[in-house]
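J.: please find the sequence and the predicted model below.
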Amino acid sequence: MSETPAASQPLRDRKRPVAPVLFPEPPKPGWRDIIAFFNRARRNLLTAFGELPYTQPIVRRSLLGTPIWIVSDPEAVKRILLDNVANYPKGGQQQRRLKPAVGDGLLTAGGESWRWQRRTTAPAFQHKKIVAFAPAMTAAAEEMLKAWDGDDAAERDIAPEMMRLTYDVLSRTVFGAGTRTDPKKMGEAFELYFDTVGRLDLAAFLNLPEWVPTLGRLRARPALRYFHGEIGRIVAERRALLARDASAAPEDLLTMLLTATDPEDGRPMNDRQVIDNVITFIGAGHETTANALCWTLYLLSEYPWADERVQSELRSVLGGRTATAEDVGRLTYTRQVLEEAMRLYPPAPFLGREAAATDELGGHPVKPGTQLLVSPWILHRHRALWDEPELFDPERFAPGKREAIHRFAYIPFGAGPRICIGMAFAMQEAVLLLATMLQRYRFTVVSPEKIDPHASITLRPRGGMTMRLERRG
Ligand code: HEM
């Protein structure tokens, strides 16, 4: 009996771990050597902490007198993100790096301001609203494929392509069609912003005031000016249209933000809050999803048996037609591959919190001011939490199996009340874009040995990801 290529794939290949990331031990004399640590962390945060956090539930260090803990005990993670969440506000330097762009939007706000915004924006992310965005998502992918079809470049760096694609999806779903903005310039402004302010920054760590002109801040200024100006204009135009003729306004996230009212007190958002949240949705939703797509395509190229199985699912569920929102639940294996890709390469690799008052985590007393790093990257590769963590195995997420995973051991979208508000949007988007791209093209990484995961705020392939694209027959 002849076997399919997937089934005949030697067990050796199925058991081949993903490319290792090297974990040199922290520079001597350890964490006190601040310059060496920051240099290493700026180069790549993934390798800054040595190997210990991947084997220990909690690693406690201190930097310039500030306790910094890396927490990978799922019960302690649960206490930080859920059970005692009020004691662990977002804090520290990650917030300080994001605030200049996203202001006091949902991602960075705290306390009552966050609670109010979350209540008010939640209806925009309801299931039926997200389902209605499916055609815009596949249309963006189709448009990209049309451009690829008309240009015979066999090799492309798909990292910027995925960034453009997810930016296009957001601009169609946030601003809707018909809003005049230059997608290339806007995309570049966001990229510049994340490239500069997104890096680990000593100024932010030391909590230097905003007016201190660090190199990163100076480089980011034109990007900040550009997108505040553009988005301010778009918001003003839409507000004017809503006042003239509300029925003429597109049903996109911007209209939802401008017309949303607090379900408890009926208060709407002011322009500043709408602008901050538009920038937040694009900032939080574009690079993360692009990276999820990039890493999924990379793994499918590295493990052809998984690609073969995705193909057979796409053939049987879609039979060549465009995927719809209803198909997302049927493309179970494609989704499993995506979830396994976000385990191995979580698009948001580090979440930061700061203890407000004393507490206890994993039996250790926590002092106020302690910085807590909850890292999806470390948790998802922790030796005590996963069988063979470096093995690519989408079966971990098969129905009936994924229930065995501790809820706080797998957190690509965070957890607790501050869980990603765009999670369902992103999952639907990623499955639809993958289905659209993979039906048309086979993607093969040109130099797999050069692929280098790199963490700033998101987890990107440093130097890009050049792939050979072949049209499927
Ligand atoms: C694969 C794609 C995505 C990943 C992996 C991701 C990941 C995350 C994570 C880990 C958090 C929690 C951060 C923390 O607790 O410190 C978060 C929050 C957030 N995300 Fe996403 N995200 C994705 C896509 C999106 C999209 C598409 C949007 C919007 C359209 C979005 C909007 C937000 C917002 C507004 C928050 C803050 C929520 C709050 O604090 O209430 N994200 N995301």
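T.: In hand now; what should we look at?
J.: so what pLDDT did the residue most central in space within the chain get?
T.: The residue at the geometric middle of the chain, judged as the C-alpha nearest the mean C-alpha position with Cα atoms, centre = their mean, is residue 288 (2.7 Å). pLDDT, the model's per-residue confidence, is 93 for residue 288.
J.: same question for residue 446.
T.: Among the per-residue scores, residue 446 shows a pLDDT of 96.
J.: so who does it touch?
T.: The neighbours of residue 446, taking Cβ atoms under 8 Å, 6 or more residues apart in numbering as the test, are 155, 466, 467, 468. The way it works is simple: take the backbone N, C-alpha and C, and place the C-beta from them, glycine included.
J.: do that again at 10 Å, thanks
T.: By Cβ atoms under 10 Å, 6 or more residues apart in numbering, the contact set of residue 446 is 154, 155, 156, 157, 301, 465, 466, 467, 468.
J.: count the residues that sit near whichever residue of the chain sits closest to the ligand.
T.: Per Cβ to the nearest ligand atom, the residue of the chain with the smallest distance to the ligand is residue 422, at 2.3 Å. The number of residues packed around residue 422, counting by other Cβ atoms under 10 Å, is 22.
J.: surely it and residue 413 touch.
T.: Yes: counting by Cβ atoms under 10 Å, residue 413 is a contact partner of residue 422 at 8.2 Å.
J.: returning to that earlier point: neighbour-wise, which one of the contacts of residue 446 leads?
T.: Using other Cβ under 10 Å as the neighbour test, these are led by residue 465, with 28 neighbours.
J.: quick one on the thing from earlier: overlap in contacts of residue 422 and residue 413?
T.: Once Cβ under 10 Å, 6+ apart is applied, the residues that residue 422 and residue 413 both contact turn out to be residue 288.
J.: what parts of the stretch 1-150 of the chain come near the ligand?
T.: Contact residues of the stretch 1-150 of the chain with respect to the ligand, defined by Cβ under 6 Å from any ligand atom, are listed as 90, 106, 107, 118.
J.: residues in contact with the nearest residue to residue 125 once chain neighbours are set aside?
T.: Leaving aside its chain neighbours, residue 125 sits nearest to residue 421 (5.4 Å; criterion: Cβ to Cβ, 6 or more residues apart in numbering). Residues near residue 421 by Cβ under 10 Å, 6+ apart: 106-107, 117-118, 121-122, 124-125, 280-281, 284-285, 413-414.
J.: would you list every one of the strands in the stretch 251-400 of the chain?
T.: 351-354, 359-361, 364-366, 371-374 (DSSP state E, counting those that start in this stretch).
J.: what's the most buried one of those strands?
T.: Comparing these by mean neighbour count (mean count of other Cβ atoms under 10 Å), strand 371-374 ranks first with a mean of 22.
J.: just the C-alphas of that strand, formatted as CSV.
T.: Listed next in CSV are the C-alpha coordinates belonging to strand 371-374 (Å, rounded to 0.1, in the frame of the first residue of the first chain):
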residue,chain,number,x,y,z
GLN,A,371,9.5,43.9,38.7
LEU,A,372,7.9,40.7,37.4
LEU,A,373,8.6,39.2,34.0
VAL,A,374,6.0,36.7,32.9
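J.: what is that strand packed up against?
T.: Other elements packing on strand 371-374 under the criterion 3 or more Cβ pairs under 10 Å, 6 or more residues apart in numbering; DSSP states H and E are strand 58-63, strand 66-71, helix 74-78, helix 92-102, strand 351-354.
J.: so how far is stretch 157-169 off the chain centroid?
T.: Shown here is stretch 157-169, whose average C-alpha point lies 13 Å from the average C-alpha point of the whole chain (Cα atoms, centre = their mean, to the nearest Å).
J.: just stretch 221-230 next, same as before
T.: Average the C-alpha atoms of stretch 221-230, do the same for its chain, and the two points are 22 Å apart (Cα atoms, centre = their mean).
J.: please apply the same query to stretch 429-443.
T.: Between the centre of stretch 429-443 and the centre of its chain there are 18 Å (Cα atoms, centre = their mean).
J.: do the same with stretch 410-423
T.: Using Cα atoms, centre = their mean, the offset of stretch 410-423 from its chain centre is 10 Å.
J.: and what of stretch 276-293?
T.: Relative to the centre of its chain, stretch 276-293 is centred 7 Å away, using Cα atoms, centre = their mean.
J.: contact partners for the residue of the chain closest to the ligand?
T.: Counting by Cβ under 10 Å, 6+ apart, residue 422 makes contact with 106, 124-125, 130, 170, 253, 280-281, 284-285, 288-289, 413, 429.
J.: mean pLDDT lowest for which of the helices and strands packed on strand 371-374?
T.: Between the helices and strands packed on strand 371-374, the model is least confident about helix 92-102 (mean pLDDT), which shows a mean of 65.
J.: next SSE downstream of that helix?
T.: The element immediately downstream of helix 92-102 (helix or strand, assigned by DSSP states H and E) is helix 111-121.
J.: can I get that following helix in PDB, CA atoms only?
T.: Extracted as PDB, the C-alpha positions of helix 111-121 are listed here (Å, rounded to 0.1, in the frame of the first residue of the first chain):
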ATOM      1  CA  GLY A 111      -7.100  51.400  37.200                       C
ATOM      2  CA  GLU A 112     -10.500  53.000  36.500                       C
ATOM      3  CA  SER A 113      -9.400  54.500  33.100                       C
ATOM      4  CA  TRP A 114      -8.600  50.900  31.900                       C
ATOM      5  CA  ARG A 115     -11.800  49.400  33.300                       C
ATOM      6  CA  TRP A 116     -13.900  52.100  31.700                       C
ATOM      7  CA  GLN A 117     -12.200  51.700  28.300                       C
ATOM      8  CA  ARG A 118     -12.400  47.900  28.400                       C
ATOM      9  CA  ARG A 119     -16.200  48.000  29.100                       C
ATOM     10  CA  THR A 120     -16.700  50.500  26.400                       C
ATOM     11  CA  THR A 121     -14.600  48.900  23.700                       C
END
